[in-house]
Every structure is written in structure tokens, then in C-alpha cells.
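>>> quick one: sequence and predicted model below, then my questions.
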Amino acid sequence: MNLFSLVLVGLGRNKRRTILTFLSVTVALFLFSALGGVLDTLEDSIKVGSETRLITRNAVSLVLALPPAYRERIAAVPGVEAVSYANWFGALDPNDRNGYFAQFAIDADTYLPIYRDEFEIVESSEPQAPVSLPAGFPPGLEAFMAEQTACVIGRTLMEKKGWKLGQTITLAGTIFPGDWPFTIRAVYRAKQKSFGEESMLFHWEYLNQKGMGGNGAIGWYLMALSEPGIAADVSKRIDATYENSAAPTRTETEKAFQAGFVSMYGNLPFVIRVIGLAVVFAILLVAANTMVMSFRERTTEFGVLKTLGFADATIFGIVLAEAAIITLGGGLAGTLLAKFALESSGFNFGGFLPPMTIYWTTVVLGVGMALLVGAVSGLVPAWQAARLDIVDALRRVD
């Protein structure tokens with residue numbers, strides 16, 4: 001019988017306790033990795049932004065609108081190649097009020113060409129009349145452009161909701177009350193995972209006429225720059241123009257805008273790390289208790305092994321290996337389950353963030369935490385077993 005066989009025999013001495021401890025470690029490391037995945041997803045959401053695009057919003061608050069007259073002066077700033085605008089809609093699906101997803105009212109003529117490299121149309125309706133799209137416009141949007149109540153939705157969103165191309169859906173307005181019918185005229189696929197596939201885009205003019213009474217309030221302006229190196233200069237020029245106006249502006253790169261949006265969650269990363277460490281500490285206590293109980297029950301066994309000539313270092317290694325197998329095995333199971341199960345689920349926090357992402361660095365960190373738990377929980381029992389006196393151990397024979 002080799003040493004590994006002795007380790008397995010020790011683990012099988014109390015199978016129920018071993019299995020329950022293994023499952024406890026698995027669940028703990030699953031939660032640890034899932035919490036780490038939240039931080040990874042928040043980081044991923046920042047990657048959606050680009051350094052060659054700028055966002056101009058109200059300097060006081062994102063919920064305050066900007067006048068439509070700002071557009072022409074922004075477009076005249078040197079280095080600005082294109083200007084578009086959009087509004088957050090925030091409606092609910094009456095048939096699935098908990099299934100929230102993001103909706104944006106956009107100026108389709110200018111907005112979609114700016115993002116043409118980040119999505120593609122995979123399904124589209126045929127327009128009732130011939131429609132010609134401008135050069136550089138994403139193909140497949142003819143029917144969408146010809147109908148004011150039309151919308152474009154992500155492929156994942158359509159599958160999740162069970163909608164079909166050409167179907168008319170009705171959303172219940174929250175910010176803009178009332179029933180809002182939309183006809184699905186195109187379905188897009190994200191070329192980058194961070195772009196997401198659970199959003200809906202529709203015509204800003206529809207929102208303007210039905211929800212804002214033609215007042216034309218703008219949620220934010222979107223600008224495409226000729227080169228990323230001029231972003232800081234362009235931002236200063238725009239903000240200086242409206243510094244003393246009734247609606248001052250704050251202009252920043254799209255990446256910085258996304259980072260600012262994430263910061264609205266408060267000190268969430270700190271809270272998540274504290275919870276993760278608390279989970280690991282709790283499972284450390286469970287694993288340590290298991291190993292201490294195992295040592296107490298097997299005192300005589302260790303005495304017999306020493307009588308047979310097993311060295312103290314060998315006894316130390318056997319006990320430590322038992323703890324490592326339980327914690328490392330549970331850690332691998334928990335972290336990998338979190339990685340593949342959560343990522344494949346496509347969970348995206350209701351469309352506010354990209355689909356759930358767990359970096360491999362988070363998985364490695366989780367496995368490292370499992371190894372640490374195994375080492376800490378097994379060191380004291382292993383040291384006690386190694387220093388055990390043969391006479392004292394055999395004295396406990398019943």
C-alpha cells in the first residue's frame with residue numbers, strides 16, 4: 001500500500017463528513033468566484049467604450065436633459081467627425097415585469113453608422129417600399145428606417161423573450177408613461193461580447209413626439225472623433241462653450257463615461273471583496289473543524305503507523321494531503337462551475353452590463369484561496385499528528 005492509498009483510506013473513514021466538507025468548499029468557492037465575476041463584468045463594461053468617441057451629458061446629473069440646439073455647435077468643434085444623440089427609455093415588458101432590459105431611443109441616421117463595426121444585422125424584415133441607405137450605413141435596416149415605431153433588438157434578447165421578427169410588442173412606460181407599441185424589424189448580433197445582445201434600439205423621434213410632446217430633450221450626445229489624441233482638447237472646448245449656460249455639460253471619452261456609470265454603484269468592489277473574504281474565512285473554519293475531528297478520531301491509527309516505522313514527516317504529509325485534497329478538489333469544482341455555468345447563462349444584470357464574465361485570473365485566485373484554506377486547516381492537525389507520542393496514542397485503544 002502506498003502513501004496515496006493511505007490518504008484515500010483516511011478520507012473514506014467518515015465518508016459523509018468528507019463529502020459534506022467537500023461540498024461546503026465547492027459552494028464557498030463558487031460564491032467567491034461569482035462575486036469576483038461581478039467585478040470582472042464591471043471591468044468588462046468599461047471596455048465597451050472607445051477612446052475615439054465622446055459622450056456629452058448634463059454636468060449636474062445624467063438624468064437631466066440637454067437642449068437639441070447644442071448639436072450644431074458641437075458638430076462645429078474641430079476634430080468632431082459625426083454627432084448623434086440618444087435617450088434612456090426605461091420601459092417594462094407587461095408580460096415579464098421582472099425581465100428588465102435596456103432600451104435606447106436613438107437618432108438612427110447618425111447613431112448606427114458610428115457603431116457599425118461593433119454589430120451586424122442577422123435578421124431583418126423586407127421594407128414595403130424601396131429604401132436606400134446612406135453609404136457606410138449598416139445593411140439590413142431598410143425596414144427599420146422606413147417605420148417610426150420600428151425597433152432593432154439583440155439576438156439574445158429575442159430568444160429570451162420568445163419574440164419573432166415582425167412581431168409587434170407593447171411596453172409599459174415608466175419615465176414616459178403609457179403603452180408603447182414597437183414592431184421588431186431587425187435583429188442584431190454583437191461582434192464584441194462586451195457590446196451585449198440584450199438591448200433594444202428605436203427611433204428617437206417616436207419618443208420625442210409621443211413621450212416628450214415634441215420638446216426634443218436630449219439625454220446625451222455621442223461624437224465620433226477624427227483621432228483619439230484630440231479627445232481632451234475637444235472635451236474642454238465643448239464644456240467651455242456651455243460652462244455658464246442653464247444646462248452645463250460634461251464631456252468625456254466613452255470609456256470614461258462607462259467607468260463613471262459603474263462608479264454609480266458606489267463602493268461595490270470593496271463590499272464584494274469583504275463578502276468574498278468572509279466566505280473564505282467561514283469555510284476555513286469548517287475545514288479546520290473537519291481536520292481536527294478527524295485527527296481526534298484517528299489518534300490510535302497514527303500511533304500504529306508510527307509503531308510500524310512511519311516517520312513524523314510522513315504522518316505530517318498524510319494529514320496535510322487529506323486537507324489539500326478536500327479543499328483543492330472543492331475549490332476546483334466551485335471555481336470551474338462558476339466560470340462555465342455563469343458565463344454560459346448569459347446573465348447580464350438586466351441589460352445594464354455585458355454578459356457575465358469571470359476571468360481566468362479570478363479562477364486561479366479562487367483555486368489559490370482553496371489551497372490556502374487547505375494548508376491552514378491542515379497544518380495544526382498535521383503538526384499534532386507528527387508530534388504524537390506512540391505510548392500516548394496507543395493508550396487510547398478501547
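Sure, I can see it. Numbers count the residues shown, from 1 in each chain.
>>> what helix or strand is the most centrally placed residue in the chain located in?
By Cα atoms, centre = their mean, the mean C-alpha position of the chain lies nearest to residue 41, the distance being 2.7 Å. Assigned by DSSP states H and E, residue 41 belongs to helix 15-46.
>>> what of residue 200?
Here residue 200 is assigned to strand 199-203, by DSSP H and E.
>>> what does residue 170 give?
strand 168-173.
>>> for that strand, packing partners?
For strand 168-173, the packing partners by 3 or more Cβ pairs under 8 Å, 6 or more residues apart in numbering; DSSP states H and E come out as strand 178-190. The way it works is simple: take the backbone N, C-alpha and C, and place the C-beta from them, glycine included.
>>> show me how far the helix holding residue 41 is from its chain's centre.
On the basis of Cα atoms, centre = their mean, to the nearest Å, helix 15-46 sits 15 Å off its chain's mean C-alpha point.
>>> quick one: average pLDDT of it?
Mean pLDDT, helix 15-46: 78.
>>> contacts for whichever helix or strand comes after it, please.
Using DSSP H and E, the helix or strand that directly follows helix 15-46 along the chain is strand 53-58. Applying Cβ atoms under 8 Å, 6 or more residues apart in numbering, the contact partners of strand 53-58 are 64-66, 70, 74, 80, 114, 219-225, 231, 234-235, 238, 247-254, 257.
>>> just the buried subset of these, please.
Neighbour counting with 16 or more other Cβ atoms under 10 Å marks 65-66, 70, 74, 80, 114, 219-225, 231, 234-235, 238, 247, 249-254, 257 as buried within the contacts of strand 53-58.
>>> just checking, which of those residues belong to strands?
Using DSSP state E, 80, 220, 221, 222, 223, 224, 225, 249, 250, 251, 252, 253 are the members of the buried ones among the contacts of strand 53-58 that sit in strands.
>>> going by distance to residue 309, which of those wins?
Nearest to residue 309 out of these is residue 253 (Cβ to Cβ; 70.1 Å).
>>> still on that earlier bit, the strand holding residue 200 - which strands sit beside it in the sheet, and in what orientation?
strand 102-106 (parallel), strand 150-154 (antiparallel) (DSSP bridges).
>>> break this structure down into its structural domains.
As given by automatic domain parsing, the domain ranges for the chain are 3-46+267-394, 53-263.
>>> lowest average pLDDT across those domains?
domain 3-46+267-394 (a mean of 74).
>>> neighbours of residue 94, just the number please.
11 (other Cβ atoms under 10 Å).
>>> hmm, residue 21 and residue 329 touching each other?
No - Residue 329 lies out of contact with residue 21 (Cβ atoms under 8 Å); the separation is 10.3 Å.
>>> of those two, who's got more company?
residue 21 (25 against 16).
>>> correct me, but that one touches residue 290?
Yes - using Cβ under 8 Å, residue 21 is in contact with residue 290, at 4.5 Å.
>>> which residues are common contacts for the two?
Joint contacts of residue 21 and residue 290 (Cβ under 8 Å, 6+ apart) are residue 326.
>>> by how many degrees do the strand holding residue 200 and strand 168-173 diverge?
90 degrees (axes from the mean of the first three to the mean of the last three Cα atoms, to 10 degrees).
>>> and the contacts of strand 199-203?
Here strand 199-203 has contacts from 89, 101-106, 108, 111-112, 148-154, 157, 182, 351, using Cβ under 8 Å, 6+ apart.
>>> buried stuff in that strand?
199, 200, 201, 202, 203.
>>> following it, which helix or strand comes up?
Moving toward the C-terminus from strand 199-203, the next element (DSSP H and E) is helix 204-211.
>>> which strand or helix spans residue 330?
Short version, using DSSP H and E: residue 330 is in helix 312-337.
>>> buried residues, the following helix or strand past that helix. List them.
Per DSSP H and E, the first helix or strand lying C-terminal to helix 312-337 is helix 343-345. Residues of helix 343-345 classed as buried by neighbour count (16+ other Cβ under 10 Å): residue 343.
>>> after helix 343-345, next one along is what?
Tracing the chain past helix 343-345, the next element assigned as helix or strand by DSSP H and E is helix 360-386.
>>> same for that next one, what does it pack against?
helix 15-46, helix 268-297, helix 312-337.
>>> turn the buried residues of strand 199-203 into a markdown table, columns for distance to residue 333.
Output for the buried residues of strand 199-203, formatted as a markdown table (distance: Cβ to Cβ, whole Å):
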| residue | distance to residue 333 |
| --- | --- |
| 199 | 34 |
| 200 | 38 |
| 201 | 41 |
| 202 | 44 |
| 203 | 49 |
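>>> of all those, which comes closest to residue 140?
residue 201 (13.2 Å).
>>> from residue 136, how far out is the closest one?
18 Å (Cβ to Cβ, to the nearest Å).
>>> and for residue 150?
Remark: distance between residue 150 and residue 136 (Cβ to Cβ) = 20 Å.
>>> how about residue 186?
17 Å.
>>> repeat that for residue 288.
Look at residue 288 and residue 136: by Cβ to Cβ, they are 64 Å apart.
>>> which of those two has more neighbours?
Shown here are residue 288 and residue 136; by other Cβ under 10 Å, residue 288 has more neighbours (18 against 9).
>>> name the nearest residue to that one, sequence neighbours excluded.
residue 377 (4.0 Å; Cβ to Cβ, 6 or more residues apart in numbering).
>>> residue 290 is in contact with the one you found, correct?
Yes - assessed by Cβ under 8 Å, residue 377 is found in contact with residue 290 at 7.5 Å.
>>> overlap in contacts of these two?
Common contacts of residue 377 and residue 290 (Cβ under 8 Å, 6+ apart): none found.
>>> ok, the residue nearest to residue 148 when sequence neighbours are not counted - how many residues close by?
Leaving out its chain neighbours, the residue that sits closest to residue 148 by Cβ to Cβ, 6+ apart is residue 206, at 5.0 Å. By other Cβ under 10 Å, 19 other residues sit near residue 206.
>>> same check on the one 5 residues further on?
Burial of residue 211, expressed as a neighbour count using other Cβ under 10 Å, amounts to 19.
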